[in-house]
Each structure stands twice: as C-alpha cells, then as structure tokens.
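K.L.:
Mind folding the following:
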Amino acid sequence: MIPGSAAPGRSATGGRSAVIATDLSEASETMIESDTGLSCLDRIGVDRIHLVTVVPSNIHSGMPGMNFQKRRKRALKRYRSTIEAEGFGVETHVVRGTPHRRINGIAESIAADLILVGSRGKSPLENRVIGSTARNLARTAVVPLLVDRIERGVDDPETVRRHLFKRTLLATDFSENAERAFQALEYLRYATAEVTLVHVRSPKDETSDDDPAGRLGDLAERLDDWGLEARTEVRRGDPATEILAAEEEHDPSTLLVGSRGRSRLRRLLLGSVSEEIVTRATGNVFLVPPPRTA
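P.N.:
A predicted model of the protein is given here:
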C-alpha cells in the first residue's frame, strides 16, 4: 500500500474507466508498462482501461517502408497483456484522424473518468511527437487529463516520477475551476501520501482584503477530514512562474490544476497559466476541466 493511502480506491469509489492514449513509441510503452503507475490507477478506482491509438489521416499502411499494421498489432497485444496481468479490463481502439480530437471523442463516448497521455517521445507514426498531442488535449480535454512525464533524450526512457499521485501539489486561486480540481482529491487520496496547497498572490491582489492563508487553512481542514495531512503556502508574483517554482521546491509527483475550459473564441481554449504549466512542468500534471455544457 502506498504510504498515506486510506484504502484501495476501487473498493471506496467504485469502478472508473481510463483512456490511455498511445502512439506506439518508447515513451508510450514506458508509461503503460509502469507497474507503479498501474497500481496508482487501481488505487483511485480505475478497473477498465481503453487503449487508444490514432493513425493520422495522411499515413497509409501501404506507404513504402511502413508496416504499421503488424507493428500496431504486436504493440497493442503486448500492452493489453501487461494491463490485463494487473487485473484491469482492457479494450483497444484504433482510429484514424487528428489525435487529440479522436482521443477526446472516445473519452466522451465511453464516459471515461480520465485520459492518460505520455508527455514526450517520437512516434513511429510520421515521427509525431506525443508531447504536441498532450498540449492539444490540455486545451480541449473533455474529462480530467493526466500528463505523465517521460524522460527525454535517452534510449531507454523511464517515467520522470515513479508514482502518479503520491505527492500532490494543488495550485488554487479559489475559483470554481480550482474547487473542481480540489474535489478530485477525494478519490486521488487513495494513492496520495501528502498534499501541498499553493496560492499565488499577484501584484493586483495586494490591495485586496482577502485572506489567502486562512482560505488555504480551510482547504487543509477538509483534507484532514479525508485523512490527509497538508501543508500550505502563499507565494507572490506571476502565477505560472511561482507555481513552477513551487514545483521545483517541493518536488511533487503531480501538479493538480483546474482549467478554464473552452472560450467562445475558438482559439482561446485554456487559461494561459494552465497551458504554461502543462508545457513547462518537470513532473506530471493532472488537469481538471470544467463540466461540458450542452
């Protein structure tokens, strides 16, 4: 049992489903074959995993030197065996189109509880970089998105953080979006040992009578009710810069943040702070979007 976990997530929260997006790269393989990562998913109640591979529309199996079908079948068979050996139900989906759109579409159609994607690594599919897919998913995610960091520039990559949620840093501005991210801790706690609550007070907030330390204390008390101990910190400066500095200082497994979600302007899909965190964070990022509206 992971230190600090109250009980196995499956028994406490009921079955959840996760979409794992794979581009068949070494990074994807590292993410999927991490027994610690799969154990963390089990603890938060995931019991069914959907493996999704998206073949870009401009890639064809008959192209010279490209034997996608055989490579894909071998890889997915291996991934499926690994996941089933850990006790999960598994379904595979091979679709064609734009990766982030198809991944989101499948996640929505099966009512998935989260999407898991590797943060870096070249794919055999047109040498695409799954990091770009992660960024596009961060802008458009329809369900919570976990970006799992994989080592870069090495022949045999490992996950940057062994555990997914053991040490969680929640960045909050006390908004509705941040509250939704906080509520995710209710089930993430079964794979969590410690929580750091961080609020960044920007220069424009200095004239406010708000008491961020007190509000962080209230959140810490709620975590105490869930059997979790928390530390709190108020920082001052640019939000993205300070959140990333807090990550460097506290070395969490995962940064937990809420996104602003879709804007009426199609190109403004995610708050700039969340987008910068997804792009620049050292460890994992768990992004909680607002609920979709009709």
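K.L.:
so where is the protein shaky, pLDDT-wise?
P.N.:
Residues of the chain meeting the criterion pLDDT under 70: 1-14, 58-68, 120-131, 205-209, 260-272, 292-294.
K.L.:
Show me the helices in it, by range?
P.N.:
Taking DSSP state H to define them, one finds helices in the chain at 9-13, 26-32, 35-43, 68-85, 99-109, 130-140, 176-188, 212-225, 239-250, 272-280.
K.L.:
Same list (these) but as a markdown table, adding distance to Pro291.
P.N.:
Heads up, the C-betas are built off the backbone N, CA and C, glycines and all. A markdown table is the format used below for the helices of the chain (distance: least, Cβ to Cβ, whole Å):
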| stretch | distance to Pro291 |
| --- | --- |
| helix 9-13 | 18 |
| helix 26-32 | 27 |
| helix 35-43 | 22 |
| helix 68-85 | 28 |
| helix 99-109 | 12 |
| helix 130-140 | 15 |
| helix 176-188 | 8 |
| helix 212-225 | 21 |
| helix 239-250 | 23 |
| helix 272-280 | 16 |
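K.L.:
can I get those helices in CSV with distance to Asp155 and mean neighbour count?
P.N.:
Converted to CSV, the helices of the chain look like this (distance: least, Cβ to Cβ, whole Å; neighbours: other Cβ atoms under 10 Å):
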stretch, distance to Asp155, mean neighbour count
helix 9-13, 34, 17
helix 26-32, 8, 22
helix 35-43, 21, 21
helix 68-85, 18, 15
helix 99-109, 25, 20
helix 130-140, 17, 21
helix 176-188, 33, 18
helix 212-225, 41, 14
helix 239-250, 27, 18
helix 272-280, 25, 19
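K.L.:
between the ones you listed, which gets nearest to Pro290?
P.N.:
Among the helices of the chain, the nearest to Pro290 by Cβ to Cβ is helix 176-188 (6.0 Å).
K.L.:
Tell me what angle that closest one forms with helix 272-280.
P.N.:
Put simply, helix 176-188 runs at 50 degrees to helix 272-280, going by axes from the mean of the first three to the mean of the last three Cα atoms, to 10 degrees.
K.L.:
neighbouring contacts of helix 176-188?
P.N.:
Under the contact criterion Cβ atoms under 8 Å, 6 or more residues apart in numbering, helix 176-188 has outside partners 9, 12-13, 16, 44-45, 144, 165, 168, 170-172, 192, 195, 219, 222-223, 226, 228, 256-261, 271, 286, 288, 290-291.
K.L.:
Which among the helices of the chain is found nearest to Leu51?
P.N.:
It's helix 68-85; of the helices of the chain, that one is closest to Leu51 (Cβ to Cβ) at 5.9 Å.
K.L.:
helices or strands up against that closest one?
P.N.:
With contacts defined as 3 or more Cβ pairs under 8 Å, 6 or more residues apart in numbering; DSSP states H and E, the packing partners of helix 68-85 are helix 26-32, strand 46-55, strand 89-96.
K.L.:
change it to 10 Å
P.N.:
Secondary-structure packing of helix 68-85 (3 or more Cβ pairs under 10 Å, 6 or more residues apart in numbering; DSSP states H and E): helix 26-32, helix 35-43, strand 46-55, strand 89-96.
K.L.:
For Arg152, find the nearest of those.
P.N.:
Closest approach to Arg152 among these is made by helix 26-32 (8.6 Å; Cβ to Cβ).
K.L.:
can I get the helices and strands packed on helix 68-85 in JSON lines with distance to Glu242?
P.N.:
Formatted as JSON lines, the helices and strands packed on helix 68-85 follow (distance: least, Cβ to Cβ, whole Å):
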{"stretch": "helix 26-32", "distance to Glu242": "29"}
{"stretch": "helix 35-43", "distance to Glu242": "27"}
{"stretch": "strand 46-55", "distance to Glu242": "32"}
{"stretch": "strand 89-96", "distance to Glu242": "39"}
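K.L.:
Tell me which of the ones you listed sits nearest to Glu108.
P.N.:
For Glu108, the closest of those is strand 46-55, at 11.8 Å, according to Cβ to Cβ.
K.L.:
Quick check: neighbours of that closest one in the sheet, parallel or antiparallel?
P.N.:
Here strand 46-55 has these sheet partners by DSSP bridges: strand 16-21 (parallel), strand 89-96 (parallel).
K.L.:
Show me which residues of that strand are buried.
P.N.:
For strand 46-55, burial by neighbour count (16 or more other Cβ atoms under 10 Å) applies to Val46, Asp47, Arg48, Ile49, His50, Leu51, Val52, Thr53, Val54, Val55.
K.L.:
Against Ser17, how distant is the fourth one?
P.N.:
Pointing back at Ile49 there. 7 Å (Cβ to Cβ, to the nearest Å).
K.L.:
Overlap in contacts, those two.
P.N.:
Phe88, Gly89, Glu91, Ala112 (Cβ atoms under 10 Å, 6 or more residues apart in numbering).
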